[in-house]
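# Show me the folded form of this:
(one chain, ligands or ions: 2)
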Amino acid sequence: MTADVVVAVRGVAKKFARSLKRSFVYGARDIGRLLLRRPVVDALRASEFWAVREVSFELRRGRSIGIIGQNGSGKTTLLRMICGILRPDLGEVAVAGRIAPMLALGAGFKPVLSGRQNVFLNLALLGVSERDARSRYDAIVDFAELHDAIDAPLGTYSSGMQARLGFACAVHTEPSILVVDEVLSVGDAKFRGKCRNKINDLRRGGTSLLLVSHSPVLIETLSDECLYLRGGKMAGFGAAADVLKQYEADSIQQAAAANEARLAALQQRDLAPGQRAAVRSVRLQSGGKDVEHWFCGRPGEVVIALQAAAPTEPISVNVMIFDLVHQAGETVQMLVSSRDHGWLALPGGDCEVRLGLPQVGLRPGSYRLKLSVSRGALHDILDVVDDVRLVVRDGGGSEHCAFFQPRVWSSDRAGVCGRHVPVAADEPDPAGADEG
Ligand SMILES: Nc1ncnc2c1ncn2[C@@H]1O[C@H](COP(=O)(O)OP(=O)(O)OP(=O)(O)O)[C@@H](O)[C@H]1O
Ligand SMILES: [Mg+2]
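Ligands and ions are numbered 1, 2, ... in the order given. The predicted model follows:
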């Protein structure tokens, strides 16, 4: 490992078994093989799969690598191997310096011990001597803002308080490498801003960063390079802007391919006997043209072709939008025509209903749309089309936002004299006060 490399990952692979029972059996056999100094079985056994395979890269001192990939692509597994929590089945990880792992904040905490006792326990686990721990204790409690609760048992802390204490411990170990798994998205906005600033401070001091995030914008802002994992393998590695473009293009292509099959099947459907209305096609448009993705802050339309057997009683067309990236598939929008616009009477035959969004407020990411046609005050369902995929890309100005806020800046006297550009870790950050 050359002098300025702090993490070297070489041909690393990790497999898991989908069945818990087999996982125990294989685990016991693997330990036996290790004790007998036999090589690990590198072929897959029944129910096993590679969660990570053939991953190699180097992180240099003071540099930052962002890791992106869809759910289940192996990001956390890779970080756990780098932090020494999991042992790779193949390949090796070499680390020079102290790692501050921020994977599941507060994971090693003991609920029956007080906050104070947990700080000392946590620091000891992170390799800090007792003397150093004592000298850093006050700064940790100050950072976590837990003065009143520090002697209460940790089991009485809220999850936000535990995350604060976990983060405070990790960053006060004088780490040379920070390993961050999505933790910039936990806790309240004020604490997230504080974490973000602390990470920036450490980076300005030369600490290297490995950051997993689902947010291309966050990775582009904080990373020099980006590693893109797909199905556990490296699908891309290089300058963050280039790799993120590739990731975005793949996400759009996957969403388009999933939609194509689903929407083609829709058009084959005929109204079932007794069915009053059905959805025959769904198209995404922007500015009147068919598109495969929308841009945050720009117009978006959903065009829904309906067919009715005969003129219908009043119906409502409903569009539910689920966030697949930031909120684990939760509903983020529910747009109901009967509420927004009025009940609709479909004529017999074909008819098109358009939902227009003058400015798409969804933040960049990937979404699932569920469309339904319902009738009556209780919204009896006449037809449903689920799992239409939608990708929203950054249209400029949606960084660090939970949604797009249309806005206008002005001043009576101050003129514009430059635009914000991301800074390298060793430069002072003029926009350092913003939050993640
Ligand atoms: N201990 C385990 N036993 C069995 N399977 C596991 C285990 N840990 C992870 N997996 C599986 O390995 C794959 C990769 O998981 P991992 O948590 O690394 O993905 P990820 O990229 O971090 O996903 P996310 O974006 O949802 O956090 C997934 O299929 C997951 O179900
Ligand atoms: Mg993960």
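
# Spell out which residues of the chain are next to ligand 1.
Near ligand 1, the residues belonging to the chain are 16, 51, 69, 71-77 when assessed by Cβ under 6 Å from any ligand atom. For glycine as for every other residue, the C-beta is placed from the backbone atoms N, C-alpha and C.

# ok, 8 Å please
Counting by Cβ under 8 Å from any ligand atom, the chain comes close to ligand 1 at 16-18, 23, 49, 51-52, 69-80, 181-182, 212, 214, 229, 232.

# Could you count how many residues lie near Tyr367?
Summarising burial for Tyr367: neighbours were counted as other Cβ atoms under 10 Å, giving 22.

# got a pLDDT number for it?
In this prediction, Tyr367 carries a pLDDT score of 91.

# Now do the SS call for it.
Of the three states, Tyr367 takes strand under DSSP: H, G, I helix; E, B strand; the rest coil.

# isn't it right up against Val388?
No: Tyr367 is beyond contact range of Val388, at 9.1 Å (criterion: Cβ atoms under 8 Å).

# what about Glu240, distance to Asp181?
One thing to correct before we go on: residue 240 is Ala, not Glu. Using Cβ to Cβ, to the nearest Å, one obtains 18 Å as the distance from Ala240 to Asp181.

# before we move on, what about Arg393?
Using Cβ to Cβ, one gets 24 Å for the distance from Arg393 to Asp181.

# who's more crowded, these two?
Asp181 (21 against 17).

# partners of the closest residue to Val332 other than its chain neighbours in the sheet?
Leaving out its chain neighbours, the residue that sits closest to Val332 by Cβ to Cβ, 6 or more residues apart in numbering is Asp323, at 4.7 Å. Beta-bridge pairing of Asp323, defined through DSSP bridges, involves Glu330, Tyr367.

# Next up, the contacts around Asp323.
Contact criterion Cβ atoms under 8 Å, 6 or more residues apart in numbering gives 329-330, 332, 362, 365, 367 as the residues in contact with Asp323.

# now do Cys401
Cys401 makes contact with Arg363, according to Cβ under 8 Å, 6+ apart.

# Kindly report the same for Lys233.
Listed by Cβ under 8 Å, 6+ apart, the contact set of Lys233 reads 53-55.

# do the same with Leu59
Leu59 touches 5-8, 65, 177, 208, 210, counting by Cβ under 8 Å, 6+ apart.

# who does the residue nearest to it when sequence neighbours are not counted bridge with?
Nearest non-adjacent residue to Leu59, counting by Cβ to Cβ, 6+ apart: Val7, 4.1 Å away. On the basis of DSSP bridges, Val7 takes part in beta bridges with Leu59, Val95.

# Is it correct that Val7 is in contact with Arg98?
No: contact criterion Cβ under 8 Å: Val7 and Arg98 do not qualify, at 11.8 Å.

# overlap in contacts of the two?
Contact criterion Cβ under 8 Å, 6+ apart; residues shared by Val7 and Arg98: Ile177.

# With neighbour numbers in mind, choose between these two.
Set Val7 next to Arg98 and count neighbours by other Cβ under 10 Å: Val7 wins out with 24 against 15.

# Would you mark the buried spots in the helix of greatest length in the chain?
When every helix of the chain is counted residue by residue (DSSP state H), the longest turns out to be helix 240-268. Of the residues in helix 240-268, 240, 243-244, 246-248, 250-252, 255, 259, 263, 266 count as buried by neighbour count, 16 or more other Cβ atoms under 10 Å.

# Could you do stretch 345-354 as well?
By neighbour count, with 16+ other Cβ under 10 Å as the criterion, the buried positions of stretch 345-354 are 346, 351, 353.

# The last one and Asn318 touch, don't they?
Read that as Val353. No: assessed by Cβ under 8 Å, Val353 is found out of contact with Asn318, at 10.7 Å.

# any residues in contact with both of those two?
Joint contacts of Val353 and Asn318 (Cβ under 8 Å, 6+ apart) are Ser337.

# Quick check, pLDDT for the residue in the stretch 201-350 of the chain positioned nearest to ligand 2.
Using Cβ to the ion, the single residue of the stretch 201-350 of the chain nearest to ligand 2 is Val212, 6.4 Å away. What the model reports for Val212 is a pLDDT of 92.

# neighbours around it, how many?
Residues near Val212, counting by other Cβ under 10 Å: 24.

# Who does it form a beta bridge with?
Note on Val212: beta-bridge partners Ile67, Asp181, judged by DSSP bridges.

# could you pull out the strands for the stretch 251-400 of the chain?
Read by DSSP state E, counting those that start in this stretch, the stretch 251-400 of the chain holds these strands, from start to end of the chain: 277-286, 289-290, 293-295, 300-308, 315-323, 330-336, 349-357, 365-375, 380-393.

# need the next SSE after the helix or strand hosting Tyr137, C-terminal direction.
Under the criterion DSSP states H and E, the helix or strand holding Tyr137 is helix 130-144. Scanning forward in sequence from helix 130-144, with DSSP H and E defining helices and strands, the next element found is helix 159-171.

# circling back: of the contacts of Lys233, just the buried ones, ChimeraX syntax please.
The following ChimeraX command selects only the buried members of the contacts of Lys233, with burial defined by 16+ other Cβ under 10 Å:
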select :53,55
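
# Of the contacts of Lys233, just say which sits nearest to Tyr137.
The closest of the contacts of Lys233 to Tyr137 turns out to be Val55 (Cβ to Cβ; 37.4 Å).

# what are the phi and psi angles of the residue lying closest to the closest one once chain neighbours are set aside?
Using Cβ to Cβ, 6+ apart and skipping the chain neighbours, the partner closest in space to Val55 is Val12 (4.9 Å). According to degrees, to the nearest 10, the main-chain angles of Val12 amount to phi -80, psi 140.

# who touches Val12 in this structure?
Shown in contact with Val12 (Cβ under 8 Å, 6+ apart): 52, 54-56, 78, 81, 88, 90-93.
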